[in-house]
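K.L.:
output the structure for:
(2 chains)
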Amino acid sequence: MTASVDGELASSDERLRAAAARAPVASATLRALAAAMPLLTSRPLKPAEVASVAKELLSTIECEDGV
Amino acid sequence: MNVDELGIQWFRGAAARVALRPRGKSVVVYGPNGSGKSSFVDACEFLLTGGNVQHLSHEYSGRRLEKAVINTHAPAGVDCAIDLRLTGGTKASASVSPDGQAHFVGRSVLASWDCDAVILRQDQVAAFVHATKGQKYSALLPLIGMQSLETAAVNLKNLAKRVREISEFERSLSKLETLRERWSTTFPGKDNAAVAAELKALHARYAPPGAPPPSGLNAAVAELRCVLRDRTAGHDVVARRHAMLAGLHRLNLPGALTEAVVALQALAGSVDPLITERLALLQHAQAFALRLDRAGAMACPACGSEVDAGDFRRHVDAEHVRWKEALSAYDARRRALAKLADAVSTAKSSLESDDLKQWRSDAAQDGIRAHLDVLAAADCDALRAGTASSAFAAIADAIPRMSSRVEECAREQVVGVEDLVHDTATVEAAGAYPEIRSHEKRVHSVESLLRFLVEAEAEVRAEIKRRTEQVLSAISGDLQKMWATLHPGEPIDEVRLYQAPDAEKAVDIALRFHGKEQLSPRLTLSEGHRNSLGLCVFFAFAKRSQPARPVLLDDVVTSFDREHRGFVADLLLQHFSGRQVLLFTHDTEWFTELRTRLPGCDWAFERLLPWDSPEVGLRWNAARDEFDEAKVLLPLDAKAAANRARATMDVRMGIMAERLEIPVPHLRGPPNDSRHAQEFLRRFRAEAEQRLKKRGPDGTHEAWLEPLRAVESVCELLQIWANAATHGRYVTRAEAERVISVCDNFVRMLICADCETYVWHSHVPGKHLRCECGALRWRK
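P.N.:
Numbering: from 1, shown residues only, chains lettered A, B, ... in the order given. Presented below is the predicted three-dimensional model:
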């Protein structure tokens, strides 16, 4: 991973925090999206890949619903 | 990495292998029209694109361009091939078989060479200027280095869409609305506390004496369900059946069906004509928008009246509202179908219960039995999704017939059961409260996630916008400097790229024309100026491309006048000195000018001979310069050789006078641009005595008179022998040889023997022009 990509990902974390400040979500959801950002930034994803990330995010709110 | 050598054989105009050898330097290649200059550019494009040369791709060129790229007379058994060697030794090559199959080797070294940023052809110079705002944005994306951010934004948008689909958000929302509606129908205007109080009263009525009151709404529902079930079970079969039928009646199936039918009709009424209209309108709107991009106002394609951009946007906004209305009709349809599906589902459960099985088999129900069976077998999921149109028709037919009989039975008085039926319905309605809460929570969670994803995409888009502004500002800075170099002192300035305020991914070029702001160069700039602007844009982009790559310019100044063509050399020297440029031109005068201005240490100059035949192909001109070419003519035609030398001097001395800023009186009309060398030389002689200096052995600069003496000979010989138009006398070979030699020698005197640059190579403001090392000077 190049330095510029590292920098981009650090910036993407900041952007997600800024987004969460305006549209609050559970910390687990925020963490899950932050973890997916390298993939989301790397290339246009195939529908199945997008679905996989979507399910991961929804599982974080299912857990919260359970709580 | 620069180009060291580019070889082609039997490719386009080439026959046996011919190579352009810049050796890492920039190079200017002169060749008359059709001499094969573009074959080198085509070869480069072929390598960069993996076998696609855009201007050769057409219906007659074959599927793999085999009819266009292979020399028409290539002998059987020889390869059509391209080989490229870069400085550092890396190589890339291509060989093309007769059927057009191309085999590439080492092309990966060119992976970062974006063809559009490397090659600029004559017919593409103004392409960026003429491109749409969206195309300009796309062209900029790789330069802005935001491909990853753009990818992230698109992925986030798709992610939100998939979350919405997978979570069945629309269905949950619809279900929630149905539950809320049912609640408000049963408990109109009542809040949870009022409903809890009502249940508490029911509990007091039905619960055994002394039982403690329930602690909340959910507990009250649970307890009352048990109590009421026991009470109902205590009644006889007839009473229980009555209670079931009354419940079935209260479902109001005909009402739900009517709502669904009305919603479907409304949808069909709004969507069908809308889609038909949209399809027709879209074609007009596309053509309309294209022309609107070129002009602020235009004739409406429908009525022919003048329409401006603002009106068009308002019209588009109105259409947007109509689409939203259609979407809302779809939404109403979904809700109505969900409500009907819920009601049918509950009815099915009732019909399947033991209490109603006997009732269904009674002879009294013979008339509606088939309808009851339809209802009992209904696929509620398909009904909810709206995918079972035939099933919907059967249910729509069954419900009214069945309902009237159910209503009839429900109205039969059964002592003691009426209140029980009513109270059971109340408790069941209140029992939906946990379901409502659960759906509310689910909908809220998904809604929050979707909002978050939308905000995350907005953040990324904002970042793209911010960075785009930064990059546009930097490119605009370069653009302004380059434009000022090509158009010094002209009343067109402040050329800059800007983000269009009315669209997300849109960039355009603005400028100031005689002090007035113009949001597009197409409003005021001539074709020549647009080409000039296109060249500046290409250079500004190329300057920012990293890693640095060479650029190939193929006859890009054909629409420039002589003055502006001359400024291109300034542009190359001032703003592009660090890059390798492979410049191809058919303009011999410009070639000569570039040769006198661009430093030999960084630039090479090559010339192609006129193309002869497919078998001969491309040939380099071995002559060092025009004087060498004149010498070639000596044994054939001495007079032509002398005339060639004179013509060369006319061009060279014109350039010299311009560079040394030697004033010549203005002449009216064409003669001003077609002066003879003698006129410039006489002026040079008058000025040089005071202004031309050469550094002596002691390091001081002193007047250099040798060129003045040479000028005398040149003027004398040109006057006598070399002007065929005014002097028709016979010229011997020896005389012609002397004319060429004297002229060549004089021109060489203006080049420093040490650094090999012309005396006008550098400019020391307010003082003098000088060669690179400073040995020769021309005082200002």
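
K.L.:
which strand or helix spans the closest residue in space to residue B:639 that isn't next to it in sequence?
P.N.:
For residue B:639, ignoring the flanking residues on the chain, the nearest one in space by CB to CB, 6 or more residues apart in numbering or on different chains is residue B:731 at 4.6 Å. In short, each C-beta sits where N, CA and C put it, glycine included. Using DSSP states H and E, residue B:731 is not contained in any helix or strand.

K.L.:
all helices for the stretch 351-500 of chain B, in order.
P.N.:
Per DSSP state H, counting those that start in this stretch, the stretch 351-500 of chain B carries helices over the ranges B:354-361, B:369-376, B:380-385, B:389-410, B:417-430, B:433-486.

K.L.:
interface residues of chain A facing chain B?
P.N.:
Counting by CB under 8 Å from any CB of the partner chain, chain A comes close to chain B at A:5, A:8, A:11-12, A:15-16, A:18-20, A:22-25, A:29-30, A:33, A:37, A:40-45, A:47, A:50-51, A:53-55, A:57-58, A:61, A:64-65.

K.L.:
which of those residues are buried?
P.N.:
A:8, A:11-12, A:15-16, A:19-20, A:23, A:25, A:29-30, A:33, A:37, A:40-41, A:45, A:50-51, A:53-54, A:57-58, A:61, A:64 (16 or more other CB atoms under 10 Å in any protein chain shown).

K.L.:
filter the residues you listed down to the ones in strands?
P.N.:
Under the assignment DSSP state E, those contribute nothing to strands.

K.L.:
restricted to helices, list the residues you listed.
P.N.:
A:8, A:11-12, A:15-16, A:19-20, A:29-30, A:33, A:37, A:40-41, A:50-51, A:53-54, A:57-58, A:61, A:64 (DSSP state H).

K.L.:
show me what contacts residue B:433?
P.N.:
Residue B:433 sits next to B:183, B:192, B:195, B:217-218, B:221 when contact means CB atoms under 8 Å, 6 or more residues apart in numbering or on different chains.

K.L.:
let's see if you can find the most crowded of those residues.
P.N.:
When neighbours are taken as other CB atoms under 10 Å in any protein chain shown, the top entry among these is residue B:221 (24 neighbours).

K.L.:
could you pull up phi and psi at the nearest residue to that one once chain neighbours are set aside?
P.N.:
Nearest residue to residue B:221, sequence neighbours excluded (CB to CB, 6+ apart): residue B:431, at 4.5 Å. Main-chain torsions, residue B:431, degrees, to the nearest 10: phi -70, psi -10.

K.L.:
buried sites along stretch B:477-490?
P.N.:
For stretch B:477-490, the neighbour count (16+ other CB under 10 Å) marks B:478-483, B:485-487 as buried.

K.L.:
kindly apply the preceding question to stretch B:609-618 instead.
P.N.:
Within stretch B:609-618, the residues that count as buried by 16+ other CB under 10 Å are B:609, B:611, B:617-618.

K.L.:
residue most distant from the centroid, chain B?
P.N.:
residue B:209 (78.9 Å; CA atoms, centre = their mean).

K.L.:
pretty sure that one is in a strand, no?
P.N.:
No: according to DSSP: H, G, I helix; E, B strand; the rest coil, residue B:209 belongs to no strand; its state is coil.

K.L.:
where in the chain is the helix or strand with the lowest mean pLDDT?
P.N.:
If you meant another chain, say so; for now it's chain A. When the helices and strands of chain A are scored by mean pLDDT, DSSP states H and E, helix A:3-22 comes last with a mean of 70.

K.L.:
think we crossed wires, I meant chain B
P.N.:
Ranked by mean pLDDT, DSSP H and E, the helix or strand of chain B with the weakest confidence is strand B:297-299, at a mean of 60.

K.L.:
now do the contacts for residue B:601.
P.N.:
For residue B:601, counting by CB under 8 Å, 6+ apart, the contacting residues are B:755-757, B:772.

K.L.:
for residue B:608, give me phi and psi.
P.N.:
For residue B:608, the backbone dihedrals (degrees, to the nearest 10) come out as phi -100, psi 150.
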